[in-house]
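Asks: sequence? don't have it. structure:
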């Protein structure tokens, strides 16, 4: 049924199939019936084969699955673009959930490794925010107490002959991280290694190998599952702390006793490295080059902490603390005042060096700096210079008086604002002379010559490096016409077959040249020159060459080229175009060429 409820007429194939006999044909059908049977087969057979192919495709589960697999991605994308994201998510959610559940059941380390860079920071952040407020005041008191121990330690260093650094380390060291190793977990190779200053080190690869061997020994001895790593090791006064990620191990060599928050710092550093170099770690083949970039992150772990010695007497400390506060305030005030004066001096220096600005006077009144100046409107903005010097508008009072500066940079900027040169032109001012360099239209060049000398500071102009756009276009067209060559058969004044396109180009070039000459305000003379090769006698070649030139001249006039701009001339063999040692050279000399002369119009008095 069609949309209007009418029965759709049967196709030709269906009609032929209905007309086909149901019973098999007789063994010896009549000649007409046999021809009809062949005709029915030719008409109906292709459609029946197509229907059979479609039926087999629908009945085959494998082929239908293959058809669906080729468009399933596009179908999901199309459903998403139509705004059915919620329905699509509800349909896919049970499958995705079951897939994740099965993946975790088979191997939980896959999901753990994927979430490793995210879980650690989230957990530690919640804990550290709880403890931060409690520890902050206590840490401040320990780290910022005042004492005489610095002077005492220097005296002790002079008395014992030891360096001051050794005395400080002996009295105040709580812990110091001397080395940090980044080791590939699977191979045990060192990926990066940083060392604190003045620390004697062993071969990093040997140390990394020892650590890997000790961990493997511990796993084998205690029948570990293979995923655990040692947390720390002690060697006399040294401790080695280890943290592991799915692909790397971070080892820190510590002298003294580090606090527990340093292990947190190690975890954070390892998580950053795992997140940034996860792909390189998983595909490591022995090249440590990609991990040099992790050196800056490892250097942050080379920290040290020193203890403070409690003073026996409280009263001197209080006096010294008060004196220190007063001294610090005095030094801060002197430093700020000096810095403020230095910034003001920098601002004045920038003003004096800026073209178009003349500083008349400076001073200070009411706690604010004052400056009076003459300023050209094209000069730099004093407010911008004030900000660049680190000052604000309220720090200074700036009084400006307008004037016209004749300094070359200002005159150049003024000329650019007034004349507005096109993109291909550059203006340069030097010693009172304004130079224009580039390509511009005749109209702008006339404007430049007329208005430039009226600009303040311009005493002369130079247009020797300025080229007209129209002149450049005219020269291009002139070169194209003079390069056109029309060839002729031997002894004939008609063009060779196939030269029609070359003639059309010559006509187009000639008309465009005349039009462009009009924009330049001049006239053009086009000379049509006929040539012959050296075969034949010269007395016959001269009229033949003239006939060839006349023939092309007629064609140019017929195409619309002004007759007064054309002149024909025959030169026979007197002006050959090529040597005639080849047939191509002789053919090239049997031709007509063009020569263009331009005459600018005389100025009207």
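Replies: That came through, no problem. Keep in mind the model is a prediction, meaning the values are calculated, not measured.

Asks: domain parsing for this protein?
Replies: Annotated domains of the chain cover 145-306, 325-402, 408-468, 483-600 [automatic domain parsing].

Asks: dump the ones you listed into TSV; add distance to residue 54 as well.
Replies: (Glycine included, C-beta is placed from N, CA and C.) Shown next, in TSV, are the domains of the chain (distance: least, C-beta to C-beta, whole Å):
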stretch	distance to residue 54
domain 145-306	48
domain 325-402	78
domain 408-468	65
domain 483-600	56
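
Asks: with residue 33 as the reference, name the closest of the ones you listed.
Replies: Of all those, domain 483-600 sits nearest to residue 33, with 62.7 Å by C-beta to C-beta.

Asks: what's the end-to-end length of that closest one?
Replies: In domain 483-600, first residue to last residue: 23 Å (C-alpha to C-alpha, to the nearest Å).

Asks: please work out the average pLDDT along it.
Replies: What domain 483-600 shows for mean pLDDT is 88.

Asks: just how off-centre is it within its chain?
Replies: Mean C-alpha position of domain 483-600 versus that of the full chain (C-alpha atoms, centre = their mean, to the nearest Å) differs by 54 Å.

Asks: longest strand in the protein, please.
Replies: As assigned by DSSP state E, the longest strand anywhere in the chain is strand 173-184.

Asks: re the thing from before, make CSV out of the domains of the chain and add distance to residue 70 and mean neighbour count.
Replies: Output for the domains of the chain, formatted as CSV (distance: least, C-beta to C-beta, whole Å; neighbours: other C-beta atoms under 10 Å):
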stretch, distance to residue 70, mean neighbour count
domain 145-306, 31, 15
domain 325-402, 63, 14
domain 408-468, 53, 16
domain 483-600, 52, 17
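
Asks: residue 358: what's it in contact with?
Replies: By C-beta atoms under 8 Å, 6 or more residues apart in numbering, residue 358 lies in contact with 373, 374, 375, 403.

Asks: what do you get if the cut-off is 6 Å, keeping everything else the same?
Replies: The neighbours of residue 358, taking C-beta atoms under 6 Å, 6 or more residues apart in numbering as the test, are residue 374.

Asks: that one belongs to a strand?
Replies: Yes. Counting by DSSP: H, G, I helix; E, B strand; the rest coil, residue 358 is located in a strand.

Asks: use 58 as the first number for this chain going forward.
Replies: Renumbered: residue one is now 58, and that last one reads residue 415.

Asks: pLDDT wise, what is it at?
Replies: Here, the pLDDT recorded for residue 415 equals 87.

Asks: helix, strand or coil for residue 548?
Replies: Classification of residue 548 using three-state DSSP returns coil.

Asks: ok, back up a step: which secondary structure elements does the longest strand of the chain sit against?
Replies: strand 247-252, strand 305-313, strand 361-363 (3 or more C-beta pairs under 6 Å, 6 or more residues apart in numbering; DSSP states H and E).

Asks: what's the angle between that strand and strand 305-313?
Replies: 160 degrees (axes from the mean of the first three to the mean of the last three C-alpha atoms, to 10 degrees).

Asks: which outside residues touch strand 230-241?
Replies: Contact with strand 230-241 is made by 247-253, 256, 265, 306, 308-315, 341, 355, 358-364, as judged by C-beta under 6 Å, 6+ apart.

Asks: mind doing that once more with 7 Å?
Replies: Applying C-beta atoms under 7 Å, 6 or more residues apart in numbering, the contact partners of strand 230-241 are 246-253, 256, 258, 261, 264-265, 268-269, 305-315, 330, 338, 341, 348, 351, 355, 358-364.

Asks: do the same with stretch 452-461
Replies: Here stretch 452-461 makes contact (C-beta under 7 Å, 6+ apart) with 425-434, 439, 443, 513.

Asks: what's the spacing between it and its chain's center?
Replies: Computed by C-alpha atoms, centre = their mean, the chain-centroid distance of stretch 452-461 equals 43 Å.

Asks: average pLDDT for it?
Replies: Summarised as a single mean, pLDDT over stretch 452-461 is 84.

Asks: how near is the closest residue to residue 482 other than its chain neighbours to residue 132?
Replies: Spatial nearest neighbour of residue 482, chain neighbours left out: residue 495 (3.8 Å); criterion: C-beta to C-beta, 6 or more residues apart in numbering. The gap separating residue 495 from residue 132 is 59 Å, by C-beta to C-beta, to the nearest Å.

Asks: secondary structure class for the residue nearest to residue 482?
Replies: What three-state DSSP gives for residue 495 is strand.

Asks: surely it touches residue 485?
Replies: No. Contact criterion C-beta atoms under 7 Å: residue 495 and residue 485 do not qualify, at 10.7 Å.

Asks: need the helices for the stretch 458-607 of the chain, in chain order.
Replies: Taking DSSP state H, counting those that start in this stretch, the helices of the stretch 458-607 of the chain run over residues 465-476, 499-508, 526-539, 557-576, 595-615.

Asks: could I get those helices as a markdown table with distance to residue 163?
Replies: A markdown table is the format used below for the helices of the stretch 458-607 of the chain (distance: least, C-beta to C-beta, whole Å):
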| stretch | distance to residue 163 |
| --- | --- |
| helix 465-476 | 74 |
| helix 499-508 | 78 |
| helix 526-539 | 76 |
| helix 557-576 | 77 |
| helix 595-615 | 89 |
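
Asks: which SS state does residue 390 fall under?
Replies: The three-state label given to residue 390 by three-state DSSP is helix.

Asks: from residue 397, how far off is it?
Replies: 11 Å.

Asks: and for residue 345?
Replies: For residue 345, the distance to residue 397 equals 51 Å [C-beta to C-beta].

Asks: just the endpoints, please. Distance across stretch 413-430?
Replies: Terminal residues of stretch 413-430 are spaced 10 Å apart (C-alpha to C-alpha).

Asks: same question, stretch 495-502
Replies: Stretch 495-502 has an end-to-end distance of 11 Å (C-alpha to C-alpha).

Asks: give me the contacts around that stretch.
Replies: Residues from elsewhere that reach stretch 495-502, judged by C-beta under 7 Å, 6+ apart: 479, 481, 482, 483, 520, 523, 524, 525, 526, 527, 529.
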